[in-house]
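In: following is a predicted model, sequence given first.
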Amino acid sequence: MHEFFIVQNIIRSVEECLAEYPGKRVEKVVLLIGKFSGVEIDLLKTALDFFKKGSVIENAEIVIETEDLKLKCNECGKEFVKDKWDMMCPYCGSLNTTVIAGQDMLLKTLELVED
Ligand SMILES: [Zn+2]
């Protein structure tokens with residue numbers, strides 16, 4: 001259940017941000033989850049519901065966005081999106097490609113308002 005640790009990390013990050021803005025509260029949190037980050041969205045939601053109680057994000061709107069796997073070809077320089085794990089460039093057939101998005105999860109946006 002590494003989603004539980006992820007959520008704890010998210011809450012810690014939000015707390016750290018919030019500490020720099022006294023008198024504000026969190027209105028909205030946007031999480032960006034790469035489709036190949038290994039994060040189970042359902043488990044993440046369960047973990048969020050569990051851990052947000054009593055935390056800085058308890059009353060915040062939480063939005064989860066997913067991100068496709070995006071690669072860049074090192075041979076022809078083109079960028080492309082895949083919906084399954086496939087490293088091959090569709091333009092030139094090269095396997096010399098680099099993942100540039102879709103493998104991470106991050107705290108994309110944090111909206112704060114006056115408390
Ligand atoms: Zn290519």
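Out: Good, I have the coordinates. Residues are numbered from 1 along each chain as shown.

In: the residue located most distally from the centre of the chain - nearest residue in space that isn't next to it in sequence?
Out: In the chain, counting by Cα atoms, centre = their mean, residue 92 sits farthest out from the average C-alpha position, at 30.3 Å. Nearest non-adjacent residue to residue 92, counting by Cβ to Cβ, 6 or more residues apart in numbering: residue 76, 4.5 Å away. C-beta coordinates here come from the backbone N, C-alpha and C atoms, glycine included.

In: look up how far residue 91 lies from the one you found.
Out: Residue 76 is 5 Å from residue 91, where distance means Cβ to Cβ, to the nearest Å.

In: strands of this protein, residue ranges please.
Out: In the chain, the strands defined using DSSP state E lie at 24-34, 61-67, 69-73, 79-82, 97-101, 105-114.

In: pLDDT score for the nearest residue to residue 23 once chain neighbours are set aside?
Out: Residue nearest to residue 23 in three dimensions, not counting chain neighbours: residue 115, with 5.7 Å by Cβ to Cβ, 6+ apart. Looking at residue 115, its pLDDT reads 85.

In: contacts only, for the residue farthest from the centre of the chain.
Out: Shown in contact with residue 92 (Cβ atoms under 8 Å, 6 or more residues apart in numbering): 73, 75, 76, 78.

In: of the residues you listed, select the buried ones using a ChimeraX command.
Out: Applying 16 or more other Cβ atoms under 10 Å to these, the buried members can be selected in ChimeraX as follows:
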select :73
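
In: of the contacts of residue 92, which are in range of the ion?
Out: Among these, proximity to the ion is found for 73, 75, 76 (Cβ under 5 Å from the ion).

In: close to the ion: what parts of the chain are there?
Out: Near the ion, when you scan the chain using Cβ under 5 Å from the ion, you find 73, 75, 76, 89, 91, 92, 94.

In: and those, which is closest to residue 12?
Out: Closest approach between those and residue 12, by Cβ to Cβ: residue 73, at 37.0 Å.

In: wait, that closest one sits on residue 88?
Out: No - under the criterion of Cβ atoms under 8 Å, residue 73 is not in contact with residue 88, lying 9.1 Å apart.

In: common neighbours of these two, please.
Out: Common contacts of residue 73 and residue 88 (Cβ under 8 Å, 6+ apart): 94, 97.
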